[in-house]
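Trainee: sequence plus the predicted model coming up.
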Amino acid sequence: MLLTNIKKLSFAGAAEKEFDMLNDLGILPDSKRYYHDADEFTAESLFYISRAGNYHCTSEYKFERQASGVEACQAMYVEEGRLQFSYGEYKMIVDTGEMVLIHLGTPHLYRTDGDRLRMRWFHIDGRGSRSYVRQIHSMRGILIGRESAENGKMLVDRIFQLLEEGYKDPQEISVCIHRLLAMLNRQQEGAGGFVSGLMKERPDPGVEASLVYLKEHFADPGLSVEDLAGMANLSLWYYIKRFRAFYGITPHQYILRQRIEAARGLLDTTSLSVEEIAYQCGFSGPSHFIDVFRKTSGMTPMKFRSLWR
């Protein structure tokens, strides 16, 4: 975006200063931008917002960013209108009341879809922000549906209130950002276990039914992804693709996650041996169980048990 007629302001006292008319095509003059240069403590210890905008746009508005080394992430909330949005290989429409959460290093393009648009956006910086957003993407994709976005709107409102006040309390903004990311990182399930993601439809009935079966039979060592695909009446490749689009991980990863969760419970509450737990949870043997547990938890099953005894 062009910055020719925009004052780069520190947040201290920003609420008392006038913003120049934005020079970007399609951005109306009642729009605002905010800037903040974090001090050393904030940059090293907190989440913070380096740039933000409260935009009112016409149909001419368009923005494109190519791949770059930028480490920040960006959240966008559509208050009115719609966005056409491309992110890497994905294309979608972001409707009123929805959000997107992206890494700025991935190529993306968005534009007004219709006559007018009101949206708020902010860049999220700080220690751990990129990995936090990557985790959210693995759970639900970049598109945050209306229900979850509505839950986060209160935090977005508070963030912009604090920006208007001049960023006087970086720690409160950090708390708001952390609460927003934590809320989005929780798996949001509907009646059928649907997780909002890049696709905006309900899962195929066959995929839903296969997930129910998976949850009931994860400890069966003979359970295979091929069997689940057959239950859904889909080819193996297409079943894995659809499953991942709806639930954020592959069927095989989901099976392993269920088995590891069950194993943790047995390690924590019983005196069963590692070998017994391995077979009870559906692993092919103790070596396979130990290897998967170490990769998942960063420690061996016995180390996990010893921490809580």
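Mentor: Cool, got the structure.

Trainee: give me the low-pLDDT residue ranges for the stretch 151-300 of the chain?
Mentor: Applying pLDDT under 70 to the stretch 151-300 of the chain flags residues 187-203.

Trainee: not counting sequence-adjacent ones, nearest residue to residue 163?
Mentor: Nearest residue to residue 163, sequence neighbours excluded (Cβ to Cβ, 6 or more residues apart in numbering): residue 34, at 4.7 Å. For the C-beta atoms, the positions are set from N, CA and C on the backbone; glycine is no exception.

Trainee: look up phi and psi at the most centrally placed residue in the chain.
Mentor: Residue closest to the average C-alpha location in the chain (Cα atoms, centre = their mean): residue 136, at 2.6 Å. Reported as degrees, to the nearest 10, the phi and psi values for residue 136 are phi -60, psi -40.

Trainee: got the contact list for it?
Mentor: Neighbour list for residue 136: 101, 181, 184, 185 [criterion: Cβ atoms under 8 Å, 6 or more residues apart in numbering].

Trainee: now rank those residues by neighbours and give me the top one.
Mentor: Among the contacts of residue 136, residue 184 has the most neighbours (other Cβ atoms under 10 Å), with 24 neighbours.

Trainee: number of nearby residues for residue 53?
Mentor: Residue 53 has 20 neighbours, counted by other Cβ under 10 Å.

Trainee: all strands in the chain, in order from the N-terminus.
Mentor: 32-35, 47-58, 62-65, 73-80, 83-87, 90-94, 99-103, 108-112, 116-126, 143-144 (DSSP state E).

Trainee: deepest of those strands, which one?
Mentor: strand 143-144 (a mean of 26; mean count of other Cβ atoms under 10 Å).

Trainee: avg pLDDT for that strand?
Mentor: Mean pLDDT, strand 143-144: 86.

Trainee: strands paired with that strand, and their directions?
Mentor: Take DSSP bridges as the rule and strand 143-144 pairs in its sheet with strand 99-103 (antiparallel).

Trainee: ok, so of the contacts of residue 136, who is nearest residue 148?
Mentor: residue 184 (6.6 Å; Cβ to Cβ).

Trainee: from residue 239, how far off is the closest residue to the closest one other than its chain neighbours?
Mentor: Nearest residue to residue 184 in three dimensions, chain neighbours excluded: residue 136, at 5.0 Å (Cβ to Cβ, 6+ apart). Residue 136 sits 24 Å away from residue 239, going by Cβ to Cβ, to the nearest Å.

Trainee: so what's residue 124 bridging to?
Mentor: residue 49, residue 73.

Trainee: ok, it touching residue 76?
Mentor: No: with contact defined as Cβ atoms under 8 Å, residue 124 does not reach residue 76; the gap is 11.2 Å.

Trainee: list the contacts of residue 249.
Mentor: When contacts are counted by Cβ under 8 Å, 6+ apart, residue 249 touches 138, 257.

Trainee: residue 177 is nearest to which of the strands of the chain?
Mentor: That would be strand 47-58 among these, by Cβ to Cβ, at 4.0 Å.

Trainee: the closest one - contacts with which helices or strands?
Mentor: strand 32-35, strand 116-126, helix 146-164, helix 170-185 (3 or more Cβ pairs under 8 Å, 6 or more residues apart in numbering; DSSP states H and E).

Trainee: using a markdown table, lay out these together with distance to residue 231.
Mentor: Below are the helices and strands packed on strand 47-58 laid out as a markdown table (distance: least, Cβ to Cβ, whole Å):
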| stretch | distance to residue 231 |
| --- | --- |
| strand 32-35 | 52 |
| strand 116-126 | 40 |
| helix 146-164 | 29 |
| helix 170-185 | 30 |
